[in-house]
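> With the input below, show me the fold.
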Amino acid sequence: MTDFKGVYANLPTPFDDGGDSLDLRRTDILIDFLLERGIHGMGCLLSSGEYPYLNESERNEFTRRVVERVAGRVPVIVGVSALTTRDAKALAREAEKAGADAAMVMPIQYWPMKTHEVIDHFKSISDATSLPLGIYDNPRLGAAPFTVDMYATLMSTANVRLSKDSSTVLMKIPHVREACGNGISILHGNHMEMLPAYLLGAPGVCNAIASVLPDICLELYELSVIQRNWEEARRRFEEVLPVFRFFEEHSLARCVKEASEMMGRPLGPQRRPLTGLGTEDRQALASILRRFGYLD
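As a prediction, this is how the structure comes out:
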């Protein structure tokens, strides 16, 4: 079974210049860049991948292309989140058929979901695929929340083997580790919290900023998890904190696409009704990237 650890890039979904169609050539360029930089894994069709703005056919096409281009060199986690269990099951089957290594599930809710409904949702998806499932714990996006007890239940009943923890509750990491042992690999989802997440036992991260600034994310992982050089890791994190904070405060998904284009790897716009950064914010992003050496 795949050992999910290290730095996973949460891929944005590249579009053509009009935002109307997937741009698979831009997808290939992005994947090749990340593999060349030494990224440990990739996640696609997660929140910064704009998956709610893609139809089912586009999601399956993008999954196939990512898995095909990666070609087994690193693990690929595919988001199969959907409003209905039926649709999530169908997406999970297609992800397995494409050759993904895991399926990540965020229980989207319009009416608030009860705990037993979340558990049944995962069980049904697990019954539909042999892929290990991931808990996408991100209540800030309106998804159903998870307790530590739910983690333990899902590990034992629904083939859950990993999570993307974007809950902002850092102490959930040691509590889940205590309840689940090594049965669940926690990939922390918030780039602003990666150092304390490592310190508390997360074996890796899965975030969007690694898709545009992989080198610093890989360096922080090496210093923290491999070398256990926490003082140097803290120093390097504080050096890039203004960049990380800008992405956090000015819409992570927008900043990733804008920054990638500034750095010579255009990913197209966000799909309407979303739009990119305004002129002033775009100029501010270029300025901060230039100040920290990410732009010539």
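
> neighbours around residue 141, how many?
Using other Cβ atoms under 10 Å, residue 141 has 12 other residues around it. In short, each C-beta sits where N, CA and C put it, glycine included.

> Tell me which residues touch it, please.
For residue 141, the contacting residues are 47, 106, by Cβ atoms under 8 Å, 6 or more residues apart in numbering.

> Report pLDDT for it.
For residue 141, the pLDDT comes out at 89.

> what are the phi and psi values for it?
phi -90, psi 10 (degrees, to the nearest 10).

> do residue 116 as well
The phi/psi pair for residue 116 (degrees, to the nearest 10) reads phi -70, psi -30.

> for the stretch 151-296 of the chain, what spans make up the helices?
Using DSSP state H, counting those that start in this stretch, the helices assigned to the stretch 151-296 of the chain run over residues 172-180, 194-199, 214-221, 230-249, 252-262, 279-291.

> ok, and which of those helices has the densest surroundings?
helix 252-262 (a mean of 23; mean count of other Cβ atoms under 10 Å).

> so how far is it off the chain centroid?
On the basis of Cα atoms, centre = their mean, to the nearest Å, helix 252-262 sits 15 Å off its chain's mean C-alpha point.

> what's next to it, contact-wise?
Outside helix 252-262, the residues touching it (Cβ under 8 Å, 6+ apart) are 12, 30, 47-48, 50, 191, 208-209, 211-213, 246-247, 266-270, 274, 276-277, 282, 285-286, 289, 294-295.

> just for the stretch 101-250 of the chain, where's the confidence low?
Within the stretch 101-250 of the chain, no range satisfies pLDDT under 70.

> So which residues of it form strands?
Counting by DSSP state E, counting those that start in this stretch, the segments of the stretch 101-250 of the chain that form strands are 102-105, 133-137, 160-165, 185-188, 204-207.

> ok, residue 236 to residue 248 distance?
18 Å (Cβ to Cβ, to the nearest Å).

> go on, residue 290?
19 Å.

> re the thing from before, adding distance to residue 66, write the helices of the stretch 151-296 of the chain out as a markdown table.
Formatted as a markdown table, the helices of the stretch 151-296 of the chain follow (distance: least, Cβ to Cβ, whole Å):
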| stretch | distance to residue 66 |
| --- | --- |
| helix 172-180 | 28 |
| helix 194-199 | 23 |
| helix 214-221 | 16 |
| helix 230-249 | 22 |
| helix 252-262 | 16 |
| helix 279-291 | 26 |
